[in-house]
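>>> Structural data only, the sequence is not supplied:
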């Protein structure tokens with residue numbers, strides 16, 4: 001059976017300057033804030049203190065465990081960043097327990113009026129043989145999950161009177 005590849009893209013305007021958004025989205029705290037309450041992700045063993053600025057491109061960092069509700073490990077991301085434009089873009093190409101191939105490309109750019117930032121996630125994934133039948137459902141769930149992540153990111157940077165951290 002030939003492997004299937006699924007893709008989607010999500011873009012959102014965030015009410016903050018690009019440097020502030022970038023600084024947030026590349027930290028473990030920022031990543032986990034976006035994912036909560038549904039999921040969280042651990043740092044790979046031995047990667048504590050590693051930053052987007054010190055990561056070695058194309059070299060797997062290790063397994064970052066993904067936990068349902070922040071508690072129950074159900075998948076892992078064998079994390080590898082392959083391309084980086086500091087302050088603007090990263091591209092992760094990894095394998096997961098459930099994915100033969102996982103690509104997450106995130107871009108952070110100033111909005112056209114310059115008052116905000118546009119965050120764009122491009123996702124490409126190829127499920128492993130045992131998850132292929134569920135791929136259409138998985139694609140819908142992942143699209144919804146990245147919508148959730150973007151809403152959480154916007155809420156983090158929303159003015160204090162509307163911020164629901």
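Arrived safely, thanks for sending. Just so we're clear, the structure is a prediction, and the values are computed from it rather than from any experiment.
>>> Sheet-wise, list the partners of whichever helix or strand residue 77 is part of with their directions.
Using DSSP states H and E, residue 77 maps to strand 72-79. For strand 72-79, the paired strands and their directions (DSSP bridges) read strand 62-68 (antiparallel), strand 89-96 (antiparallel).
>>> and the next helix or strand after it, how far out from the chain's middle?
Remark: after strand 72-79, the chain's next helix or strand is strand 81-85, criterion DSSP H and E. From the chain centre to the centre of strand 81-85 is a distance of 13 Å (C-alpha atoms, centre = their mean, to the nearest Å).
>>> Strand partners (parallel or antiparallel) of strand 81-85?
When DSSP bridges is applied, strand 81-85 pairs with strand 89-96 (antiparallel).
>>> what's the partner strand in contact with?
Contacts to strand 89-96, defined as C-beta atoms under 8 Å, 6 or more residues apart in numbering, come from residues 26, 52, 60, 66, 75-84, 101-108. In short, each C-beta sits where N, CA and C put it, glycine included.
>>> Now do the very next helix or strand once past it: which elements does it pack against?
Counting by DSSP H and E, the element after strand 89-96 in chain order, helix or strand, is strand 99-110. Applying 3 or more C-beta pairs under 8 Å, 6 or more residues apart in numbering; DSSP states H and E, one finds that strand 99-110 contacts helix 18-25, strand 89-96, strand 117-127.
>>> Strand 99-110: which residues count as buried?
99-100, 102-108 (16 or more other C-beta atoms under 10 Å).
>>> same check, this time on stretch 133-141
135, 138-139.
>>> Point out where this protein drops to low pLDDT.
1-3, 161-165 (pLDDT under 70).
>>> hmm, try it at 90
Along the chain, the model assigns pLDDT under 90 to residues 1-4, 43-55, 113-115, 128-138, 159-165.
>>> Give me the angle between the lengthiest helix in it and strand 99-110.
Assignment by DSSP state H gives helix 135-157 as the longest helix of the chain. Counting by axes from the mean of the first three to the mean of the last three C-alpha atoms, to 10 degrees, helix 135-157 points 30 degrees away from the direction of strand 99-110.
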